[in-house]
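Colleague: pasting the structure only:
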């Protein structure tokens, strides 16, 4: 691990610890759950290529969602950035553009959150170009 990567990891850990003290343990637990989901779904395609899903869905229990929103947290962006750094450290390749979608759910089994992943194909801008009208 390079010195810069080690420093980045140390700063991320400190930031996570501070966030855990301020907002409870959910954000740190969410990040760990996202990392585990990413690692569990990794597919080795070749010696040089390990693909991971690019779309992650995080369902938050009503109380957890309300707490994060009340504090004005940008939890979606923070989780996305942290997950991107995790994948970079592991040498993973995304199956498309990375997204972390956070929604409120009244049906979360453990009462806090649920994380799932999938491959969401990239939509090309070429598909939206107007086709010439046939004459």
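Modeller: Arrived safely, thanks for sending. Just so you know, these numbers come straight off a predicted model, no measurement behind them. Numbers count the residues shown, from 1 in each chain.

Colleague: What is the neighbour count of residue 102?
Modeller: When neighbours are defined as other Cβ atoms under 10 Å, residue 102 has 18 of them. C-beta coordinates here come from the backbone N, C-alpha and C atoms, glycine included.

Colleague: which element follows the host helix or strand of residue 32 toward the C-terminus?
Modeller: Taking DSSP states H and E as the criterion, residue 32 maps to helix 26-40. Sequence-wise, the next helix or strand downstream of helix 26-40 (DSSP H and E) is strand 43-44.

Colleague: how about residue 105, what does it touch?
Modeller: By Cβ atoms under 8 Å, 6 or more residues apart in numbering, the contact set of residue 105 is 59, 60, 61, 62, 114.

Colleague: mean confidence for the helix holding residue 32?
Modeller: When pLDDT is averaged over helix 26-40, the result is 85.

Colleague: What residues of that helix count as buried?
Modeller: Residues of helix 26-40 classed as buried by neighbour count (16 or more other Cβ atoms under 10 Å): 26, 27, 28, 30, 31, 33, 34, 35, 37, 38.

Colleague: cool, and stretch 83-100?
Modeller: Within stretch 83-100, the residues that count as buried by 16+ other Cβ under 10 Å are 83, 86, 87, 92, 94, 95, 98, 100.

Colleague: As JSON lines, the buried residues of helix 26-40 with distance to residue 70 would be great.
Modeller: Converted to JSON lines, the buried residues of helix 26-40 look like this (distance: Cβ to Cβ, whole Å):
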{"residue": "26", "distance to residue 70": "13"}
{"residue": "27", "distance to residue 70": "13"}
{"residue": "28", "distance to residue 70": "18"}
{"residue": "30", "distance to residue 70": "16"}
{"residue": "31", "distance to residue 70": "20"}
{"residue": "33", "distance to residue 70": "21"}
{"residue": "34", "distance to residue 70": "22"}
{"residue": "35", "distance to residue 70": "26"}
{"residue": "37", "distance to residue 70": "26"}
{"residue": "38", "distance to residue 70": "28"}
